[in-house]
Every structure is written in structure tokens, then in C-alpha cells.
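Student: Fold the following for me, if possible:
(5 chains)
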Amino acid sequence: MRVGVFICHCGNNIAGTVDVKAVAEAIRKIPGVAYATTYMYTCSEPGQDEIKQAIKDHNLNRIVVAACSPRMHELTFRKTVEKAGLNRYYFEMANIREHISWIGEDKEANTKKAIDVVKMAVAKVMQDRPLYSSSFRINKRVLVIGGGVAGMQAALDCADGGLEVVLVEKSPSIGGMMSRLDKTFPTIDCSICILGPKMVDVAQHDKIKLYAYSEIDEIKGYVGNYQIKIRKKATYVDWTKCTGCGACMEKCPSRNAYDYFNFGVAPTKAINIPFPQAIPKKAKIDPNYCRHFTKGKCGVCAKICPTKAINYEMQDEIVTEEVGAIIVATGYSLLDLEKLPEYGGGRYPDVISGIQYERLLNASGPTAGHILRPSDHIEPKTIVFVSCAGSRDKSIGIPYCSNFCCMYIAKQAILTKDHIPDSQSYVFYMDIRSPGKGYDEFTRRAQEDYGVKYIRGRVSRIYPKGKKMVVKGVDTLLGSQVEIEADLVVLGTAVLSNPDAAHLAEKLHISYDTFGFYVESHPKLRPVETNTSGVFLAGACQGPKDIPASVGQGSAAASKVLALFSKDMLESDPAVAKVDINKCIGCLKCVRTCPFQAIKDKELRDGRIVADVIETVCAGCGVCTSTCPCGAIQLQHFTDNQLLAEVNALCLA
Amino acid sequence: MSGLENKEMKIVGFLCNWCSYGGADTAGVSRFKQPTDLRIIRVPCSGRVNPLFVVKALLNGADGVLVSGCHPRDCHYSDGNFYARRRLEMLKRLLPFLGIDHRRFHYTWVSASEGARWQQVVKDFTEVIHKLGPLNLTREA
Amino acid sequence: MSVDKLKDAVKQILNEVDIVIGYTEGFDKVHATPLFINTQDKVDQLIWDQRCVHNLASYLPSLKRKKVGVIVKGCDSRTIVQYIQEGLINRENVKIIGLPCSGVISLKKLLKAVDFANIDDITFEDNGNVNVKTEKETKTLSLMDIAPDKCKTCQYPTPLIYDILIGDPIKSDKPKESVYEDIIEFDKKSLEEKLAYWQKVFDRCIRCYACRNACPMCVCQDSCIAESREPHWISQRATLTEKFMFHLIHTVHLAGRCVECGECERACPMGIPVNTLKRKINLEMKELFDYVPGVNPDDKPPMYTFNVDELKIKEHKIG
Amino acid sequence: MANKRYAYYSGCSLEGTAVEYDKSVRLIFDALGVDYIEPEDWSCCGSTPAHTIDHVFAAALAARNLSIIEKMGLDTVAVPCPACLMAFKKAQYFMEKDETFKEKVNELLDEKYNCGVYAKSTLQVLYEDVGLDEITKRVTHVIPDMKVAPYYGCITNRPPKLAQFDDPENPISMDKILSAIGIEVCDFAFKVECCGAAFGVPKKDMVNRLSAKVISMAIEAGANCIAVACPLCQQNLDLRQEQINKTTGSNFNIPVLYFTQIMGLAYGYSPKELGLDKLIVSADNFVHSRLTKEQHELLKQEQEKGKKKEVKKQETQEEENP
Amino acid sequence: MTELGFLKKENLVEFLKELATKSVVYVPVADDDVVAFKLFQENSTICLDRPANIPPKTVIFPQYETLLTFTFSKKEEQPDKIDVKIQEKMDFKDTVIFAARPCDAKGFTVYDRVYKDSDIPDPYYVGRREKTVIIGFSCPNVSPGCFCTAVGSTPSDKEGSDILMTEVSGGFVLEPVTEKGKAVIQSKFIEDGSKYLEEAQKKQEDVKNKVKNPFKKAGKPQISQEKFNDDSFWELALSKCLSCGACTFLCPTCYCFNITDENKIWEAERLRSWDACMFPHFTLEASGHNPRPTKFHRFKNRVGHKFLYYPEKYNGVLACCGCGRCIRYCPVSVDISKVVDELSDTNSENKTLTSNGGEA
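Tutor: Numbering: from 1, shown residues only, chains lettered A, B, ... in the order given. Prediction:
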């Protein structure tokens, strides 16, 4: 055994609070350690060359690098030792940065701890065995979950790159949040005018298979080979027959259905096409409001439909698709107004959310683009915008910034002035966050050219006074209280993750943060990857994002998939469970506990039954290893002996 | 960190790679200061932690053992921590029967984003172990 | 119950199976020993009385590929139920002869009761009296005074699973709460007292593995990690640390599986209360998962399954 | 409900400026069969003066009372004054949550407090434990003209993590109780706005301004009476009403009653029993217009008839009603 | 050697205390009804009325011992060179085993032929053996399963003991067997014991007559090769065997061991620990092949070793002293005497047994 140990200074990150030289000296004394040194930046190219050179010069056959977290650079160094001719699993990392130098102030204690931790890594590396990957074929189809602008972009880029794409959208039309917007900042482009053609591209692309009004039921498999069960929810309209003529919607007698597309600004019909540019432009019945379902009679739509597309008996349908990678682009949701009781959210009809205001502004919205306040349909003259309505508010558990509210509030204030020239808008803000190309100029324009009055301070209460809403707040710049009697109040409500984000994450085996946003592999360097290989993120499901960022991520995720699929075969991770058939007693407890059904029973020639691991299915969790009473099934690279070596190095020494 | 002027205690931590090890990294990146007694062993999943590792450590000289995994439902391997929870709970309840203070063994859930939580866990657990003092189960040196 | 009925039944099923396991006379008057019957002429060696202490079901997994008849008491039948839960035997290959039982003797307690004298003869009366003749004296003892602890709190005097039941079913007259009274009582001691106790008793261990080999649920047998180097959990040192470790391996592996037949304890030549730790865990399994091993063939052993929401497991505070 | 016994902690205000609150609460409790007992040797709850100086000390003051109640074998204390309520709830919350804090507090006490007593506002006891049905059943009188703005004040149910009762921003319990006794309740936006509280001495102007706002919003909502649940609110709105009129040039004349006093009126108690004589802005008009249920029933029938003969009788009625 | 000594019962502890000043003294101690040889302490509950659960072989052939320790070191300038220092652990102390039953004492003579009087003596065994004085204790009664007289011994056999002690009214008669033994009874607590000789001899004779002979035929059991090699015999006779090590670990004549190395970072040790032919690992080969794959094979070896192979090598001496522990403590009451009896050659005459268990 000739172990080489490399202790990284990481500039001053480690060396500042750990005596790296002392660590190297202590480690050098360990029998079996043939070489131990320190280096300024081990991960740098010269640092890696140093390792390769040392392997050659000192005939090393095991390598330990003591540096940052293995979550950061384990892969880097595995490649390094492999290039030097060693098996990539003859390598261990000791984390002396995140777990030592950055969290302890006492240099002596840190150094002692670092020696222990490196010693444990040395003990483990001595137990390491060479492991070899096997390769398997990949299914070059990709699933995109979510048909908002990020998902559409990802789908189109993948499809243009020659991949078959399965696009699943849970609402009846693709388009997502962007399709609800009136205009986009900072260019005041018509949102649907730029999005519409993209939606049509998606619909017409021969490589894209669209499942609208569908959800993911189940995900099985692993990178390269996923089996997806998709639930096509019952629309009660046969979409193969529906032409989208809208006759049913016109004649439907049930007029009080909740309009999901318009965020309930006005009611819609029980059978409806969500908006004129919808893709697919097909009608769908809302059984909660449809008289046929609620009262058992009616049937007007069935009678009127020229293609006889109505089918009240329709059931959810499950279809299975097989893909090799998944892009998650499930977007975001918005804070419920009722969560803001001090603003009378949900109680006062004239306190509305930004997205509702967006629909009031929109020419194809319920008011046909006329700004009319909900309570009495009168045009408001004084409009107050409240930013950070919920955002950056620890007391309701949303400490983060919602990213784009500052910008859309400026946009809405500008548009308000365009719609109602004699109106006056006020904006309560905490800080104006406009760090984008042309963004800050845009907010200044709102103030300077459109006379929007910006008041720096928070709103404490909104209450009705006659027909007005009194907005009571503080102007922190003037240091005084302000009260504005408004006709309409628009709240820039906080951006939330989707309510079922956690649920989907569990199916995908990806992680999510406290707020339900999906966690990327690395916040800087791997922003669209997840820790589950084959699953990528795009758009606001990862965190609040505006349109250009979402589109950028959609393309980024697509490029990751295209890169992954540029090979025909993928290499399997050899750190999977392995059965010693001489030891296995065939009790098959491992088969019971494997979360992935990766273990089967196998009959040997002598009739003995033993466990057998399907390598490509095994994900390497090691539940089987801790289940097996006789230690016959061992998770490679984390075997009992490897972990015991670490325990012993620490406890017995 | 008042108790730490004394000698260091031997504390072993088994952390799952995806959540808690990441949480400890996050604590590091955020420079959340912690006592220095803990030595971390990285495992893929808390489900990999055989309760016997805890026993082995305690019998062989550890003063405390900490196991941390993903929060229930958030397991990278979907079910690993559910098994861990049952097995470790079993152990936790057995230890006092053997005459070992159950506080010497703690298992918990810390996600990759919970650096502050991790810091608190380490601080609190280290403090408890310092209060309990060294463990010598078998009267052997 | 006359032993003749039993013999008739064994003769019957011997036509269907390769072997029937029962009891016969041992090397002296107080010992019975397992009897493996493969021919009709051996049937007459069968005995059935309070000396029939062994859990014969333990032999079943090693005879998995044969058709086997087995005589079980109520307590032993739990072993079979647990085997079925864990898929360790093929039910269709086993013929179970059930014998309701109102208690057996504990050799250790019997010897103590006669001051370790050599016993020349022993007879059992229906009223629970046991007459013992030694060199020095003839003594009448009460069966329950010399019965193993498991009999004193027996909840399952009649086998839970059988193909043939010989004799009338017996209902348990022992209160349910009594089963773990000793465990609860022991747990009340201070940590120091408890540790000192286990140090004392484990120190006696000679690692002969009689407890393990007698245990019906120790299915690893030849592959036990107590003797393996790969994985190397434990050395061959006979130190207290290693003895402790061995017994905890046994305990952890039996978690939620121990059917409390007490064979481990009975087998131990050094008088170590090997079963106690397992029973402590069973008490917790009952509390946590409402699970009792070896009672319902459709149950799942709790360590090999889980609930997403564990109602009884609360997150622990540190300290 | 029937066999539950409450400790009743009136607090210092109800011994002095708000003695009528105490009177009316006791009357209502008696009327509704709430079994309560006043702890002996109770002391200051530890509110404002103490907790602005030292949290442990404040908690110890509260815990001293709670400990007495605990020793009496009771687990719930009914508290009319919101300041006392929050002092108790705060002590309870932090002592339960923080072992070291609990130890520190207990060090100051002769009798250790084991955190076994929960404080409930009188409002909560009536709303949750007694229930609206019982409250309605006991009604004997109707006050036909009363239109009330229910004013909860700032701390009756805030902060929510301590209060654990009703909606913090738009509470409804008092609304419901008042409706249950037949009173018309106005939709009042200032239910939980600040009245100025204890700043009445150091910052009189501010208190006047804030209280004026509350009163004017009540009037704007159509109220002719304000119902309160806090001694300090009552004082600021009632006692200072004249002062407010002087400093803000308003001309308010709106009676401010404890909600329990209004309940007392509906239950037929005399103004004296309810301490209405202590009001600065008189509520006599409501006392005078009060009718028994039977009278009211008769009147209603009369009116029904009257409506039928409306045209005929119009003139006569005008003459009779100058 | 006939200088009989006598130790008054009330002087027993004082005598042992005196011994303990010069040697390490092991006595049979009862704890929770389990009797085992432990270091003598003034408050030890010495138990003489029944044989210990485990014989005192632990004193000379301990359950495990460190044979060697390895210490690793390196020179600063040559980190890839490791120096290993090897040290034997051979510091043995003067020891007394007090009140070993004659069968237990005789067991050591079985060891001696293998470890002491062979071509390659085992220094660890010899070191301890030579420093140990064994005070035998003539059995005051018989125990379930014991059959010493059937294997050529008696409950008052002197072989293996340095002194034989017999309980008489009021005390113990001490009969020195070896020079080592003589030295031990040079004590102020030992009186002249000649007047108790008769009583002692009578007692010995009484007990001897009570020992049962499990064999159908008298004399040294003669095993039939034909039956011994019949696998079906073993399969049926041993179906109940659990293959545990209770019989071997409790046997005063079983001497098999295993050697393992245990490594730490800076040092390692080579251990010798008991092993048992009843364990599958005993013969497990590195290839995974096991020449004794089942418990039948293993038990056959056990019987063979004691009653065939050992006698073959050592002049017909049986490697069994008839203590009966393997029978008494077997969880399933496997009775080796019954197995041997069933194997016995019905056609040939049994040879008579000499007192050392060898053939006449």
C-alpha cells in the first residue's frame, strides 16, 4: 500500500486556520502513507499535475486529497487519478475546509481535527477497491414537465436538436404565467404577441408530443431509462374532435365558473377555452360548475357541438412514456391575498394582486383592457401599488425577494398612465431592485416621465373608507406617516413555489429548499443540474425568475440534455451493491427493503437461493447493506469494512 | 461554546451525502462557527447507517454519535431515511436499557440548505456530550 | 393428553413427510432431547411432557428443501409464524402438529431448587406438582416455580398455527401486562446499575455461540458476522468490548423478530440472560408499531418496512 | 363546560379604573354558569412596567400568579384584561420553550411554576367554552337602537403566536357574541388599530390623534356605540373623548362600553349593577330604549299591524312622536 | 509421596490468602449460579460442591492471548519505508489453580502431549503450564452426565494434579503428587493429615462407585471403523446438533485454536483464540471450499479426534476425561457417550483401560 496525501492550502481558506504543514507531517508518519505534501491550490491545473507527477515519482497507488468538500471536487480528482493510471475509486477526499477551517476558529483544535479527518480518509482509502463502470444504452427522448415559457424553450431547443420531446402541461393550455401578462418590461412588448408564435411552434413541431391538461403520476427508472406514467385528466371533451370553435362556450348556461386563467378577476363559463390564443385551442368542462355534473341535467354543449365532441362519461387516462432525461420547468405560484389580512386581502374587492391587474390591463382580459375596479366597475383614478406584499417578510415565512415585482409594478404604473391619463399612481417600495439590462432606466422612466410617486416604506394597513381604500404606511425618507386614499390597490404578492412542488420532487428524487423551490446541483457552476443525474431544472421552479432568465435556463437545460444524449451509451456508477454469494443465506430481506426494486432472487446451480443486484437499477443508497444480517450484500465504496475503517481510525487510535 | 475549554470529546457523525453532509457544507460556506469535536463520516444515505456502527463507535471509545439524514419524504433515495428512522429509534430506546445514556446518541434530519440548523445541532450535541463527559463502557483502557 | 394420540398422528403424517421432529428421552431422567423420526419404528420413542423444552421449529429453515413434520408448543408456533412472515420456510412443506401446553421446566431452575443435586427421578402431576427424587431427598415442587419465565407469562399456550391439534386448546390465564413486567422493572434501575449488570453477565460469555445457534431467528448461522473478516465487525479477542459487541449484534439483528422462545438463554452454558435485550426491543416494537413478532403470518417485521408518517416516532430534542 | 372550573384573575385595572369591567364579567359568568374562583394573594401580572425593564422579572411576576393557580389544581385562568393576558401567555410561552429561561424564572419564585396553566381571555372563554348558543339563550332584553363597533384593541389577539385565538387582523369573536345577543354590529375596519394605549401620559397628543381615528372610523361605519374588551382602550376612548374633541376639534359623543356591559344589558341587569354610571359619555339612551323580549315582541307585532294601517295612522304617529 | 497435609475448613481462606501473596490464585467462584475459575479475592464465593461450568483450562490456555505485537515506525526522511518491531508477550506469572476437579486436571495431560512434550513445544502453553500448580479436588459427588470411570479415570484421579485434595469432616486432606505440590503445602495452615487418610479413601471409593458407565461393554470403547465411516449414521444421530461450540469450549481436553491479526494504525497484534471443530469456519478454505461442510462432518471429527485419532497418535490414550460437560450443557442434549457407544465394535473385545486412559 502506497498512499499519497495532498493537503490543500486553498489559498488562505484552509491554511488560515489549519496548520497544513503540521497535518502533512503527522500524516506522513502513518504506515502506508508513502508521500504527504501540501499545495496552494490542489484543484488547479498545476495542482492536479503535481498529483499525477507524485503518483509516477513515488509509485503511489492510493490518493487522498484533503481540501474542500467532496461534493465540490471529488469528481475532479477522480479524473486526475484516473489520468495518472489509477482506478478512480482509489481516491478519497477529506473535507478540511467546509467542515474544519471555515467553522472553527481555534487553529490548534482545527489542526488536530484535520489530522483525524485525514487519518480517517487514509484508513478508508486503504480499504478501497477498484471499481469499474459498465455501460448501458440510453433512450434519447426527453420529458419536459411544464409548458410555460421555460419549458417551451427547453422543448423547442431539444426538438430542434433532433430529440423527441414529451411535453406535459397540467393546465389546459401551454403558455404559463407569461401568457397572462399584458406587456413585458422593459420593452413594453405585448406578451402574448411574442409568446404566441412560440406556442404555435411547440404545437406544430413534429418532434414534440404535447400532453396538455395532464400530470405526472409516477416516475420510475434512472438516467437514460425512465418510465413515466402520465395522467391525462378528463376534459369531458374529445379533443380529437373539438375544433375550438367556441360555440359551446357561448351557449353554456353556467356563467359562474372560476376563471383560472384570469385568476378569478371575472367568472367564466363551465365549458371554456381559457383564452383566445390557447394551445391546444380546445374546450374543457369544469365539472365543479357544469350543470350536467352539479345538477344532473343540462347538456346544452353536447347539443350545440357541431362535431359531437362532448363526452360526459370521460375518465382520466394513464399513458406511459419512456424517456432518458427530464427537464423540470414547473414554474411558480403566487401568495394568496388572504395571507395578507392587514391589507384586507380577500376581504376588500378593490385590493387585488399584480397578476389580476395584469388581466385588467389586457385587451383580451375580462374588461377588454379597460381598467375598471372590481367592486363597482368604475375607472380608478388613484392607484396604489404595494411591492413586497409578503416578500422579504420573515413573519410569514417568506424571507426572500420575489425578483421581478419591482419591475412589473413599474410597468403596470406606466401602463396605468397610458390607460387613464388623469390617474395618479403611487408605489410603496422597500428597495427598487432593477438589476437588468435597461431595467433601472425603466423604473426611472416610470417616476420621471409618468409621474408615478414612489414612496419608500412599508404599508401597515389598508382599510376601506367610503368608496375609497385608505393605504396607511410610512415614508421612511420623509420620516412620517402617510395615508393615501386610493380607488384601487394592487399588491405585488410574493412569488411562491408550486403547491405540489414537493410532491413532484419526491417522485423525481430531487431536493427542494424550505420554500419548495428545487435545489440545483451547484448555485454557481451547475445551476440547471440537480443532484439526480438525468434531471434538469429550468425557470422559476428553481427560484423566482423573470422571462429572459427563464428562457435562458430553458435553453441551458436543453443543452445539458443534448450533451448527455450526444453519446449512445452511458456509464453506470459502479458504486452499487454487490452480493457475495458464498455468504448470502438467501433470506432476501434486502429484496424487501430496496427502495428501487433493484434486487431479485437468483437460484444457483446447487439450488441455493441468493440475492442478485440489477446494477443499472441500483441507486447506491446502501439500505440493503445495513439490512443484511450477514454482511453478504455490500454497497461498493461504502462497504462495512470501509466505514468501520473510518470508525476505527478515529476511535481506536 | 463555553464548555469547550475542556478537553475535546470524541464525537462521530454519520451524515448522508445528499442532505446533511451538504447542510454541513452550507454551514461551512456560511462560516457558521461550530465546536471542533465532531468528526464526520460520509455515507450515501442515512439508510446506510447500520445501528451497529453506532454501537461499535460507542463501545470503542466514542463519547457521542450523531446521525443525520434528509428530512422524511426528502430522501434522495426516496425511502432510505424511513428505514433509518425506525432502526435508529429502536437503538435510541435500547441504549438506556444497556446503561448507556440515550443522549449520547442523537439522530436528526438536516437538509442541504439548512446550514444554520446544522450549526445548532452540532453546538447543542457537543454541549450535551461535554456535560455527560467521557464514556467508558467496558472498563477497558 | 395421552402420548398415544400424538404417536398416532405422527404415524399418519409420516406417510406424507420425509421426517418428523419430536421429543424423546435424553441422557438422564430430567432431560428430553429432540428426536428425528424417519421410520415408523422410531415413533414409539416419542415422549411428551414438561421436559419437552426445545423449540423444534428452529430446525425448519435448515430443512427447507425437505417435507417436514414438526411438533410445536404454543410458544414454538410463533417461530413458524415468524418464518412465514419472513419467507424463510415453505408452509406447504411443513406439517405442524400442535400441542397445547401449560408450561415446561427450566433445567437451571430445577437444579437450583434441589441444590444442584443429582436427580434420579422426576414425575409430573396434572395439578402442576412436580415430584423430584435426588440422592438426599424427595421433593414436591410446583411447576410454575421451576418453569422458565416465558411460561409464567405465557400468552399463547395453544399453538397459533397448526395442521393437527392434539388435545384441547388452552386459554391463557396470564395477564397481558405481566409479559414485560420484569423488563420495565429492570429499566427503572439507574444507568450505572444497568451498565454494571450487563458488564458482569457479558463478561462470562465464552463466545461459544450456543445462543446464536439455538436461536430460531438467527438465520445467518455459517455466515454470521461475529466470525467474519469481510465484513470485520468484531475481532476474536475475548474482551468485554467484543463480547458486548457480539451480544448487541445478536440483539440488533433480532430487533422486531425475536419470538421470545428463550432458546438462547436456555442454551447458554454460562447462564447469561441473553433474551432480555431482545425482549426490551420487543416491548418497544409493541409500543412503536403495535407489532408482536410471530403472531400474525401476514404482518411485516417492522425493521423491513416503514410508514411515511410514523405516528409514534417523535423527533428527539438534543439532550 | 359544566364541570370546568376557571381561575379568575381580574388584575389591577379591574380593581380601580375598570371596576365596572370586573362587575360585568362576574355578572355574565354567573349568568352563564361559568364556575370561577379568584386566586388568593394574587399580585401584579408583570405587564408594561416590568417587561420594559427585565423579561425574567416580568415572567416571574406572571409565573407567581400562575403558580398559585397551579397549586389550586386548576389549569385555565380567565383573564379580562388583555395586558394581563399577554403577560401570562408570554411567560408561559417562553418558559415552555426555553428550559434555561424557566430555570431563571423559577429561581426568583418561592413556589416553582411547572407551566401547567393556560390563560384565556374572557372573550375566548365566552366564545369558545360557553358558546354562542348558550349566550343567546340567556338573553332577556333587546336594545333596538344600538349599533355597535366592536373594538378589540391591539393585543387581545395579537401577536398570533402568543394569542392563539381568533384572526389577528380581522377578529370576529366579539362581533359574533354581540350579534348573538341581538345587537346590530357594524363592519368596522379599525377593530385592532392602536388607541394609543399607555402613552396617554407622556404623549397625550398622539393618543388623542389615534383614539380620534378609532372613534371617527366607528362613527363612519355607522356605529352609535363602541364595544371594548380592554380597560385601557375604554379609558382612552371614553375618558379622553372630551379631550379629543378639544384638541382635534371634533364633536364626538359616543358611549364606549365593555362588551360584557352590553351583554349585561341584554341579560336584564340594571345599569347600576353593570356600573354604567361610571361612564363619562353616557349610555343612558340605550338603557332607556331597552325593552324586554316580550315588550319587543309586542312592539314588533304592533309595527306589523302598523305597517298594514300605515296610511291611516301616519298622521297620529307623527303627533305622538315629537 | 505420602506426607499428607490437612487444612481446616476455617483456615481455607487464610491459606488461599497466603498463596495469593506468592502466586496468582484461581478458585472456582459461583456467581448467579454459574461456577467459573476466577482470581481469588477474600470475598470470593468459592464453590466446591459442584464442578465449574467451565473448566480451568482458561488459566493455561486462555480464551484468547496476544502472541505478538507489531509496532510500526518510520523515519522522517523515508516515509515510504516502514520499520516493524515485533515483540512476544511471554511474561507468565506463578499461578495456582485451586480445586480443579480431577477430570479438569487430567485434561491438561491431554494438552501436554500436544503442546509440551512434542517435537515443537508451544512456548506460550509451556510457559504457563510450568508456572502453574494445580490443586486437584477429589469429587465429593457425581454430576449429571459424567462418566470418568468409563474412560479410565476416577473422581479422585491424581494425574495432572500437583496436589490432590479430598474433603473430610472438618477440612481437607491434601495429598502432594508432585514436588511442586509439596512446596505448596509448606504452610503454617497445613497440619499433618495422616489420621484422615482412611476417611478420605472411603469417600473417594464411595463417589467412584456412583459414577455411571454409559457404555454397554466394559473396558476401553472400541470404535468400529465401518460404522464410523457410515455417513447415514452421523446424519441421523446428529440431526439435532446445533453446531455451536458449547461442547468444545467447555471441554477440558479440546485445544484447538485460531490465529488472527488485528491491525491498528501504529501497531498490530497477533492473537490466538479458541476455535472449535464444530464451527464451519474451522475448516473453511480460502477458495470457499469446506471439506467439512455440514454439522455431521464436524461432529464426526470431534468424536474421531477424541476416540480415534488422538489415541492412534498417543499410545491409545483417549482425548476425553469424562467430565460430562459436553453432555450436560449441550442445548439439545447430544450425548457423546451414547454416540460412542453406538459406534462401538460389537464384534471385538474391548481392551482394558490403564489409569492414564491408555491401553494396557
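Student: going forward, measure contacts and count neighbours with C-alpha atoms only.
Tutor: Fine.
Student: low-confidence ranges in the stretch 1-150 of chain D?
Tutor: Counting by pLDDT under 70, the ranges of the stretch 1-150 of chain D that qualify are D:1-2.
Student: Just give the closest residue to the residue in it positioned nearest to chain A, not the sequence neighbours.
Tutor: The nearest approach of the stretch 1-150 of chain D to chain A comes at D:A149, 14.7 Å away (C-alpha to the nearest C-alpha). Spatial nearest neighbour of D:A149, chain neighbours left out: D:I226 (4.8 Å); criterion: C-alpha to C-alpha, 6 or more residues apart in numbering or on different chains.
Student: which residues does the one you found contact?
Tutor: D:148-151, D:218, D:254-257 (C-alpha atoms under 8 Å, 6 or more residues apart in numbering or on different chains).
Student: Can you add distance to A:M407, secondary structure and neighbour count and give these back as JSON lines?
Tutor: Shown next, in JSON lines, are those (distance: C-alpha to C-alpha, whole Å; DSSP: H, G, I helix; E, B strand; the rest coil; neighbours: other C-alpha atoms under 10 Å in any protein chain shown):
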{"residue": "D:V148", "distance to A:M407": "44", "secondary structure": "strand", "neighbour count": "30"}
{"residue": "D:A149", "distance to A:M407": "41", "secondary structure": "strand", "neighbour count": "32"}
{"residue": "D:P150", "distance to A:M407": "41", "secondary structure": "strand", "neighbour count": "32"}
{"residue": "D:Y151", "distance to A:M407": "39", "secondary structure": "strand", "neighbour count": "30"}
{"residue": "D:A218", "distance to A:M407": "38", "secondary structure": "helix", "neighbour count": "26"}
{"residue": "D:I254", "distance to A:M407": "47", "secondary structure": "coil", "neighbour count": "21"}
{"residue": "D:P255", "distance to A:M407": "49", "secondary structure": "coil", "neighbour count": "22"}
{"residue": "D:V256", "distance to A:M407": "47", "secondary structure": "strand", "neighbour count": "30"}
{"residue": "D:L257", "distance to A:M407": "49", "secondary structure": "strand", "neighbour count": "25"}
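Student: ok so, going back, and the helix or strand harbouring the residue nearest to D:A149, which strands flank it?
Tutor: Per DSSP states H and E, D:I226 falls inside strand D:225-228. Counting by DSSP bridges, the strands paired with strand D:225-228 are strand D:147-151 (parallel), strand D:256-258 (parallel).
Student: ok, the closest residue to chain D within the stretch 351-500 of chain A - how many residues close by?
Tutor: Closest to chain D within the stretch 351-500 of chain A is A:Y463: 5.9 Å, counting by C-alpha to the nearest C-alpha. Neighbourhood size, A:Y463 [other C-alpha atoms under 10 Å in any protein chain shown]: 20.
Student: Please apply the same query to the one 3 residues further on.
Tutor: If you count neighbours by other C-alpha under 10 Å, A:G466 ends up with 9.
Student: With the one 10 residues further on instead?
Tutor: For A:T476, the neighbour count with other C-alpha under 10 Å is 14.
Student: What residues does the spatially closest residue to it that is not a sequence neighbour make contact with?
Tutor: Excluding the flanking residues, the one nearest A:T476 by C-alpha to C-alpha, 6+ apart is A:G457, at 5.3 Å. For A:G457, the contact set (C-alpha under 8 Å, 6+ apart) comprises A:428-430, A:473-477.
Student: and the residues you listed, which of them are in strands?
Tutor: Judged by DSSP state E, those include A:428-429, A:473-475 as members of strands.
Student: Top of those by number of neighbours, please.
Tutor: Looking at these with neighbours defined as other C-alpha under 10 Å, the largest count falls to A:F428 at 25 neighbours.
Student: Run through the bridge partners of that residue.
Tutor: Counting by DSSP bridges, A:F428 is bridged to A:V386, A:I455.
Student: how close does it get to chain E?
Tutor: Distance, A:F428 to chain E, by C-alpha to the nearest C-alpha, to the nearest Å: 66 Å.
Student: cool, and A:D128?
Tutor: Separation of A:D128 from chain E (C-alpha to the nearest C-alpha): 16 Å.
Student: Neighbours of C:D41, how many?
Tutor: Neighbour count of C:D41, defined by other C-alpha under 10 Å: 9.
Student: Report the contact partners of A:G32.
Tutor: A:1-3, E:80, E:82.
Student: before we move on, back to that, turn the contacts of A:G457 into a markdown table, including pLDDT.
Tutor: Putting the contacts of A:G457 into a markdown table (pLDDT from 0 to 100) gives the following:
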| residue | pLDDT |
| --- | --- |
| A:F428 | 97 |
| A:Y429 | 97 |
| A:M430 | 95 |
| A:G473 | 95 |
| A:V474 | 95 |
| A:D475 | 95 |
| A:T476 | 95 |
| A:L477 | 94 |
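Student: So B:P134 is in contact with B:M9, correct?
Tutor: Yes. Using C-alpha atoms under 8 Å, B:P134 is in contact with B:M9, at 6.8 Å.
Student: re the thing from before, top of the contacts of A:G32 by number of neighbours, please.
Tutor: Tallying neighbours with other C-alpha under 10 Å puts A:V3 at the head of the contacts of A:G32, with 27 neighbours.
Student: now the strands for the stretch 51-200 of chain D?
Tutor: D:76-79, D:118-121, D:141-142, D:147-151, D:184-185 (DSSP state E, counting those that start in this stretch).
Student: Please identify the deepest-packed of those strands.
Tutor: Across the strands of the stretch 51-200 of chain D, averaging neighbours per residue (mean count of other C-alpha atoms under 10 Å in any protein chain shown) puts strand D:147-151 on top, at a mean of 29.
Student: mind checking how far that one is from the chain centre?
Tutor: For strand D:147-151, the gap between its own C-alpha mean and the chain's C-alpha mean amounts to 11 Å (C-alpha atoms, centre = their mean, to the nearest Å).
Student: any residues touching that strand, and which ones?
Tutor: Strand D:147-151 is contacted from outside by D:174-175, D:183-188, D:190-192, D:218, D:221-229, using C-alpha under 8 Å, 6+ apart.
Student: Name the residues of the stretch 1-150 of chain A found near chain B, please.
Tutor: Listed as neighbours of chain B in the stretch 1-150 of chain A under the rule C-alpha under 8 Å from any C-alpha of the partner chain: A:69, A:71, A:97-100, A:102-105, A:109-110, A:113, A:116-117.
Student: From these, pick the one nearest A:H637.
Tutor: Lowest distance from A:H637 to the residues of the stretch 1-150 of chain A next to chain B (C-alpha to C-alpha) belongs to A:R71, with 15.5 Å.
Student: Nearest the geometric middle of chain E, what residue?
Tutor: In chain E, the residue lying closest to the centroid (C-alpha atoms, centre = their mean) is E:P252, at 2.2 Å.
Student: List the contacts of the nearest residue to it once chain neighbours are set aside.
Tutor: Once flanking residues are discounted, E:P252 sits nearest to E:G107: 4.9 Å by C-alpha to C-alpha, 6+ apart. Contact analysis of E:G107 by C-alpha under 8 Å, 6+ apart lists E:57, E:160, E:252-253, E:320-321.
Student: of the residues you listed, closest to chain A?
Tutor: For the contacts of E:G107, the minimum distance to chain A (C-alpha to the nearest C-alpha) is 30.5 Å, reached by E:K57.
Student: Next, the contact list for the closest residue to the closest one other than its chain neighbours, please.
Tutor: Excluding its sequence neighbours, the residue lying closest to E:K57 (C-alpha to C-alpha, 6+ apart) is E:P252, at 6.1 Å. By C-alpha under 8 Å, 6+ apart, the contact list for E:P252 reads E:55-57, E:103-104, E:107-108, E:321, E:323.
Student: how does it look with 6 Å?
Tutor: Contacts for E:P252 (C-alpha atoms under 6 Å, 6 or more residues apart in numbering or on different chains) come out as E:55, E:104, E:107.
Student: from those, which ones fall inside helices?
Tutor: Among the contacts of E:P252, DSSP state H puts E:104, E:107 in helices.
Student: could you dump the contacts of E:P252 to JSON lines with pLDDT?
Tutor: Shown next, in JSON lines, are the contacts of E:P252 (pLDDT from 0 to 100):
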{"residue": "E:P55", "pLDDT": "96"}
{"residue": "E:D104", "pLDDT": "96"}
{"residue": "E:G107", "pLDDT": "96"}
